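Enquirer: This is the structure alone, sequence omitted:
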């Protein structure tokens, strides 16, 4: 009896989340989508099914620890979860780094703690099987000073460091950990749609976008080769 390979896509959206679902689905993974609302789940599932990808959809706010744990357990019932992609973005409004206090800094870390909780839920099973992968998506502010992002830069740097440290800790134990550090507007994503809908307010997006399919292809390569823990995508230059 074959064991189902499952990829959990946490924080799925129409951009990178769905590209990750398609990419790993093409490699034979069953895909489990997780987001705060089921409003777009029907569209996502029909899209994946039209490409022959087996998928399920689940509702969980990552800040609801018990609900998220329950959903992760449900997804892992059939052979465990082989891969997790944590692509949930921070929802707090950034405050300039010169104006934040500790309360503002803590607010950004509400995006970080669930990533650690998810790992604590799935990693024991991965280690028992001697295989698996943990992917995180973060922003360019984790590697380049971007003062306007304030407390979000602190949280992004924390997730990046967590991923890189996990990679080092797990390298000889069969489990991969890595991060996609993203500097650009992800095409088809919600932020991209917002920016392109109001260029007078946000400016032109020309030359500042990233193809999510390319990012997902890179993620698959990283998972397959396991030769590096990070890939930086930067359309803004230095």
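Expert: Arrived safely. A quick note: this is a predicted structure, and the numbers were derived from the prediction, not measured.
Enquirer: can we go C-alpha only for contacts and neighbour counts from here?
Expert: Fine.
Enquirer: Contact partners for the most centrally placed residue in the chain?
Expert: Nearest residue to the geometric centre of the chain (CA atoms, centre = their mean): residue 87, 1.9 Å. Each residue near residue 87 by CA atoms under 8 Å, 6 or more residues apart in numbering is listed here: 9, 10, 11, 12, 17, 136, 137, 138.
Enquirer: quick one: which helix or strand includes the fifth one?
Expert: Using DSSP states H and E, residue 17 sits in helix 16-26.
Enquirer: Counting by contacts, list what that helix packs against.
Expert: Packing partners of helix 16-26 (3 or more CA pairs under 8 Å, 6 or more residues apart in numbering; DSSP states H and E): strand 6-10, strand 30-35, helix 41-50, helix 212-225.
Enquirer: what's the angle from it to helix 212-225?
Expert: Angle between the axes of helix 16-26 and helix 212-225 is 50 degrees (criterion: axes from the mean of the first three to the mean of the last three CA atoms, to 10 degrees).
Enquirer: mind pulling up the phi and psi values for residue 122?
Expert: phi -100, psi -20 (degrees, to the nearest 10).
Enquirer: burial count for it?
Expert: When neighbours are defined as other CA atoms under 10 Å, residue 122 has 22 of them.
Enquirer: Then residue 236?
Expert: Residues lying near residue 236 (other CA under 10 Å) number 11.
Enquirer: before we move on, what about residue 102?
Expert: Using other CA under 10 Å, the number of residues around residue 102 comes to 8.
Enquirer: Next one: it from residue 154, what distance?
Expert: Distance, residue 102 to residue 154, using CA to CA, to the nearest Å: 11 Å.
Enquirer: still on that earlier bit, buried ones in the helix holding residue 17?
Expert: 16, 17, 18, 19, 20, 21, 22, 23, 24, 25 (16 or more other CA atoms under 10 Å).
Enquirer: ok, those vs residue 186, which is closest?
Expert: Closest approach between those and residue 186, by CA to CA: residue 16, at 7.0 Å.
Enquirer: Pull the contacting residues for that closest one.
Expert: Residue 16 touches 186, 189, 212, 213, 215, 216, counting by CA under 8 Å, 6+ apart.
Enquirer: let's see it at 7 Å
Expert: Applying CA atoms under 7 Å, 6 or more residues apart in numbering to residue 16 gives the contacts 186, 212.
Enquirer: How about the one 3 residues further on?
Expert: Taking CA under 7 Å, 6+ apart as the criterion, residue 19 is in contact with 212, 213, 216.
Enquirer: Derive a ChimeraX selection command for the buried subset of the residues you listed.
Expert: To isolate the buried members of these in ChimeraX, using 16+ other CA under 10 Å:
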select :212,213,216
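Enquirer: Reformat the contacts of residue 19 as a markdown table; add distance to residue 30 and pLDDT.
Expert: Shown next, in a markdown table, are those (distance: CA to CA, whole Å; pLDDT from 0 to 100):
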| residue | distance to residue 30 | pLDDT |
| --- | --- | --- |
| 212 | 20 | 94 |
| 213 | 18 | 96 |
| 216 | 16 | 97 |
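Enquirer: any chance of the contacts of residue 19 in CSV, with distance to residue 222 too?
Expert: Below are the contacts of residue 19 laid out as CSV (distance: CA to CA, whole Å):
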residue, distance to residue 222
212, 15
213, 14
216, 10
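Enquirer: burial count for residue 143?
Expert: Residue 143: 14 surrounding residues under other CA under 10 Å.
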